[in-house]
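Colleague: Quick one, structure for this:
(one chain, ligands or ions: 1)
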Amino acid sequence: MFKPVLIVATVLGAGLTGLTQESTPPVSDAPSQMGVPVQASSQVNPVKPTTESVAAAKKTYGYDCAMCHGETGDGKGDTAVDMKLPMKDLRDPETLKGMTDGQIYSVIVNGKGKMPPEGDRAKPDRVWNLVVYMRSFSDPKVLPVDKPGKTR
Ligand code: HEC
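Modeller: Numbers count the residues shown, from 1 in each chain. Here you go, the predicted structure:
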């Protein structure tokens, strides 16, 4: 009576190389949980900013960023001053010159040093628009020029 069960158990046991605690069978398919690194750093801004989308990003900036980076991007927000954070002046073209859009995106989402991550508080679309807004402090030309009236 017992025999077949024992054989199966033995085979399984051998297969699991003794890890009898593991109840999950060895997975031979579906390598679906390979890490999905958000490798955004080489990514080019995939959104086409509009005056509205950048205005929305500006609002987010006002809530989440200006306390450190300053309304004008000068890095003299109250929190930054209070915490004596090492802020760069975003009005200086040199500040973001060496960073790709994707790298800026990553810093916003993941944070950096004393900067807290935005995480998923802002949707990707909004973050990309923030990237544009960040660049606009030193170069207003990056801002979209579509007319609010939208006559086409
Ligand atoms: C608590 C203060 C703080 C807040 C809030 C904050 N940052 Fe920062 N941010 C920093 C600091 C400090 C650095 C420099 C980090 C480093 O290089 O170690 C930084 C760096 C950056 C950089 C890289 C370029 C640079 O100036 O060094 C970008 C881009 C940036 N922040 C964007 C944002 C955006 C967008 C937000 C809002 C979503 C934001 N930050 C919110 C403090 C802050």
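
Colleague: Just give the nearest non-adjacent residue to Val145, would you?
Modeller: Thr51 (8.0 Å; Cβ to Cβ, 6 or more residues apart in numbering). For every residue, glycine as well, the C-beta is placed using N, CA and C.

Colleague: Does that neighbour touch Val132 like I think?
Modeller: No - using Cβ atoms under 8 Å, Thr51 makes no contact with Val132, being 11.1 Å away.

Colleague: between these two, which one's more packed in?
Modeller: Val132 (21 against 14; other Cβ atoms under 10 Å).

Colleague: doesn't that one fall inside a strand?
Modeller: No - with DSSP: H, G, I helix; E, B strand; the rest coil as the criterion, Val132 is assigned helix and is not in a strand.

Colleague: how close does it get to the ligand?
Modeller: 11 Å (Cβ to the nearest ligand atom, to the nearest Å).

Colleague: picking that back up, need the overlap of contacts for Thr51 and Val132.
Modeller: Common neighbours of Thr51 and Val132, counting by Cβ atoms under 8 Å, 6 or more residues apart in numbering, are 143-144.

Colleague: And Ala56, which helix or strand is it part of?
Modeller: Assigning secondary structure by DSSP states H and E places Ala56 in helix 51-64.

Colleague: Run the contact check for that helix versus the ligand.
Modeller: Yes - judged by Cβ under 6 Å from any ligand atom, helix 51-64 comes into contact with the ligand at Asp64.

Colleague: Could you list every helix and strand in contact with that helix?
Modeller: Of the remaining helices and strands, those touching helix 51-64 by 3 or more Cβ pairs under 8 Å, 6 or more residues apart in numbering; DSSP states H and E are helix 124-136.
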